[in-house]
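S.K.: sequence and predicted structure, then a few things I'm wondering about:
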2 protein chains.
Amino acid sequence: MTIATPDPPTGTGADAAIAPPAGAGTPKPSPRDRLLDAAAALFYREGVSTGIDALCKAAGVSKRSMYQLFAGKDEMLAAALDRQGPGLAAWLLPPAGRPAAPRARILHVFERLEEAALAPDYRGCPYLATQVELKNPGHPASLVAARAKQSLTDFFRAEAERGGAADPDLLARQLTLVYDGASARAGIKADTLEGLAVTTAAALIETAGIEA
Amino acid sequence: MTIATPDPPTGTGADAAIAPPAGAGTPKPSPRDRLLDAAAALFYREGVSTGIDALCKAAGVSKRSMYQLFAGKDEMLAAALDRQGPGLAAWLLPPAGRPAAPRARILHVFERLEEAALAPDYRGCPYLATQVELKNPGHPASLVAARAKQSLTDFFRAEAERGGAADPDLLARQLTLVYDGASARAGIKADTLEGLAVTTAAALIETAGIEA
């Protein structure tokens, strides 16, 4: 059983990306997978100060077994974030060539973000939250988060360049800023993002000179 | 003595706003003030999971005295954030009429933000960080933070309206999003904000139809 799958309506919501659902009929997850599912869910919901005891209890794994698998909580946190990467990227980024236009490909990301923000248990981007909470850019989990977010910036930059943006680096930084600002504000329930994230990204894309 | 004043170069940096320096010759701060200074500094630097013992030790106040002044950590956290409000607003917002033009008044905020982000110990907006860490919009400190940030949105909205923005509500939401995204990314050391925060705000202001 996974822990962090509170019914994403379409099966492609943020929570599905946080802990890919173990379909019925699949083999029982290993203690390692159970720990990483529990870590992803609890760190996301309750923060990085969640203790080892709570993680082991949620995973149904003894502390002794946990310490045979991981050096400690820091390593488990980094591994749990890292394991979410492919699912989150597949959910967030458009498939190759669909849509084809750079502007539409970039806006796809912000459409996804607006969708995710509708979920009552949405707490923002798990990478950003982890980095804000750890307050330590050198922590193994901060490094995983920074790498994952950099790959989003790289996606924006490649599309910006392909679309003929006046300054692809600047547009990529701006779009990443909008992504993090939007996810943070939705995560703290300060804004719904409705009509906001896509509109803001579109304005910056237009200013950069990419055609619709 | 205050705790959180690591030499803002001009005396108007973010840290000065976090814990206004007690000038030489002022009376010794009360236990309450010492606790609130310590809380502001430690929660900002190390996060909301900082314990009561560490706070009391940093403030040089006994736990017994602390409990005579505050119901507990939650109340202390809310009071510490609330106390920073006027200093932070005075630092961030332009004085009345200087500059006069709505565009310049809005950009003043983002110029301040770019300045603050230069400090090595900048950890982003203390309100946003607290909200991200608490993961509970109903917590007393989240309510203080939300109110403070709303006053920034209100400032943006008033200037947007005065400047004839096509949709003042949208522009105010966009600018708050940029503020939070920029401060978060600088706080986690993912971006320096150099040439970013002001440029992004300016692009959105222009899209909204406010003239330079």
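M.R.: Perfect, I can see it now.

S.K.: in chain A, where is pLDDT below threshold?
M.R.: Applying pLDDT under 70 to chain A flags residues A:1-25.

S.K.: let's see 90
M.R.: A:1-28, A:211-212 (pLDDT under 90).

S.K.: what about the helices in it?
M.R.: Assigned by DSSP state H, the helices in chain A fall at A:14-18, A:31-46, A:52-59, A:63-69, A:73-92, A:102-116, A:126-134, A:140-162, A:168-187, A:197-207.

S.K.: what is the neighbour count of whichever residue of chain A sits closest to chain B?
M.R.: Of all residues in chain A, residue A:181 sits closest to chain B, at 2.3 Å by CB to the nearest CB. Quick note: C-beta positions are derived from backbone N, CA and C, even for glycine. A count of neighbours around residue A:181, defined by other CB atoms under 10 Å in any protein chain shown, yields 28.

S.K.: again, but for residue A:60
M.R.: 12.

S.K.: that one: what's it in contact with?
M.R.: With contacts defined as CB atoms under 8 Å, 6 or more residues apart in numbering or on different chains, residue A:60 is in contact with residue A:34.

S.K.: now do the one 10 residues further on
M.R.: With contact taken as CB under 8 Å, 6+ apart, residue A:70 is in contact with A:35, A:76, A:79.

S.K.: ditto for residue A:108
M.R.: For residue A:108, the contacting residues are A:93, A:94, A:99, by CB under 8 Å, 6+ apart.

S.K.: closest to residue B:147 out of the residues you listed?
M.R.: residue A:93 (36.6 Å; CB to CB).

S.K.: how much space is there between the closest one and residue B:77?
M.R.: Separation of residue A:93 from residue B:77 (CB to CB, to the nearest Å) stands at 38 Å.

S.K.: the two: which is more packed in?
M.R.: Ranked by neighbour count (other CB under 10 Å), residue A:93 and residue B:77 place residue B:77 first, with 27 against 15.

S.K.: wait, that one touches residue B:130, no?
M.R.: Yes - using CB atoms under 8 Å, residue B:77 makes contact with residue B:130 at a distance of 7.2 Å.

S.K.: need the overlap of contacts for those two.
M.R.: With CB under 8 Å, 6+ apart as the test, residue B:77 and residue B:130 both reach B:43, B:48, B:141.

S.K.: just name the closest of these to residue B:186, please.
M.R.: Set against residue B:186, the nearest of the shared contacts of residue B:77 and residue B:130 by CB to CB is residue B:43 (18.4 Å).

S.K.: contacting residues for that closest one?
M.R.: Contacts of residue B:43 by CB under 8 Å, 6+ apart are B:50, B:77, B:80, B:126, B:130.

S.K.: spatially, what comes nearest to the first one if we skip its sequence neighbours?
M.R.: With sequence-adjacent residues excluded and distances taken as CB to CB, 6 or more residues apart in numbering or on different chains, residue B:50 is closest to residue B:42, at 4.7 Å.

S.K.: could you check how far the one you found is from chain A?
M.R.: 11 Å (CB to the nearest CB, to the nearest Å).

S.K.: residues near that residue, how many?
M.R.: Residue B:42, neighbours per other CB under 10 Å, totals 21.

S.K.: my read: it touches residue B:49, true?
M.R.: No - checked against CB under 8 Å, the pair residue B:42 and residue B:49 is beyond contact range at 10.4 Å.

S.K.: of the shared contacts of residue B:77 and residue B:130, closest to chain A?
M.R.: When these are ranked by distance to chain A (CB to the nearest CB), residue B:48 comes first, at 8.3 Å.

S.K.: what's the closest non-adjacent residue to that closest one?
M.R.: Of all residues not flanking residue B:48 in the chain, residue B:133 sits nearest, at 4.5 Å (CB to CB, 6+ apart).

S.K.: tell me how many other residues crowd the one you found.
M.R.: By other CB under 10 Å, the residues close to residue B:133 number 24.

S.K.: now do the contacts for it.
M.R.: The neighbours of residue B:133, taking CB under 8 Å, 6+ apart as the test, are A:47, A:132, A:133, B:47, B:48, B:49.

S.K.: of these - the most surrounded one?
M.R.: Using other CB under 10 Å as the neighbour test, those are led by residue A:132, with 29 neighbours.

S.K.: thinking again about what came up before, rebuild the contacts of residue B:43 as TSV, extending it with distance to residue A:69.
M.R.: Putting the contacts of residue B:43 into TSV (distance: CB to CB, whole Å) gives the following:
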residue	distance to residue A:69
B:50	30
B:77	35
B:80	39
B:126	37
B:130	33
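
S.K.: no further questions, thank you.
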